[in-house]
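S.K.: Mind looking at a prediction? Sequence and model below.
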Amino acid sequence: SQKIEQNSEALNIQEGKTATLTCNYTNYSPAYLQWYRQDPGRGPVFLLLIRENEKEKRKERLKVTFDTTLKQSLFHITASQPADSATYLCALDGSSNTGKLIFGQGTTLQVKP
Amino acid sequence: NAGVTQTPKFQVLKTGQSMTLQCAQDMNHNSMYWYRQDPGMGLRLIYYSASEGTTDKGEVPNGYNVSRLNKREFSLRLESAAPSQTSVYFCASNSGYQETQYFGPGTRLLVL
């Protein structure tokens, strides 16, 4: 069956460092992948989308990579700030042309001042 | 624009009671989705509607029904609530395939 895995353990880093979050998937060939941010008690908010033919995407301090051979996406936050503390979810294209997404369980990032 | 709105924000039910969760979007999106989120499980799709007048099952549809009332509104009904349906429910919408999903604030449901 299709499976998406994110590191369930919280990631604790010092302010100013680069945070790297991992999303691995199996039994799957997604056309695209999305990353969302979720704060406690709120709905997820979209951050970045990367397509299968793109190796890297950037937006301000955020960078996403997509390796279809390794079946892995990495999400980087450079110069991290305490305000970046949240849970980050990766989501893959669930099936062709439907817009359905399959989400990972999320990784909680804590940035300490 | 309000984006995606959900009502109620919080609800307590007894086992066997029924209720309807309401969702509306003002972004003229074609597609709408209902998810549930449980600790350690991530978001799981319950039902979705690719366009007005159509609905389809997601990963965990048992115990739920949906209605796409019009382009703006997509409701989720629990006919006979069970403790296993205790969860946080999110509604989302987008304009179609490969597009960003916009989420509502969620409904926290406790079934006793």
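M.R.: On my side now, so go ahead.
S.K.: Only C-alpha atoms from now on, for both contacts and neighbour counts.
M.R.: Noted.
S.K.: just the helices in chain A please.
M.R.: Assigned by DSSP state H, chain A shows no helices.
S.K.: Chain B contacts on that one?
M.R.: Applying CA under 8 Å from any CA of the partner chain, one finds that chain A approaches chain B through A:8, A:32, A:41-46, A:49, A:93, A:97-106.
S.K.: List buried members of those by neighbour count.
M.R.: With neighbours counted by 16 or more other CA atoms under 10 Å in any protein chain shown, the residues of chain A next to chain B contain buried members at A:32, A:43-46, A:49, A:93, A:99-106.
S.K.: Tell me who's in contact with whatever residue of chain B ends up closest to chain A.
M.R.: Closest approach between chain B and chain A, counting by CA to the nearest CA: B:G42, at 3.7 Å. Contacts of B:G42 were listed using CA atoms under 8 Å, 6 or more residues apart in numbering or on different chains, and they are A:103-106.
S.K.: ok, so of those residues, who is nearest chain B?
M.R.: Distances from chain B to the contacts of B:G42, taken by CA to the nearest CA, are shortest for A:Q105, at 3.7 Å.
S.K.: Make sure that closest one is actually in contact with B:D38.
M.R.: No. Under the criterion of CA atoms under 8 Å, A:Q105 is not in contact with B:D38, lying 9.2 Å apart.
S.K.: what are the bridge partners for A:T108, then?
M.R.: Counting by DSSP bridges, A:T108 is bridged to A:T87.
S.K.: ok, now which ones touch it?
M.R.: A:8-11, A:85-88 are the contacts of A:T108 under CA under 8 Å, 6+ apart.
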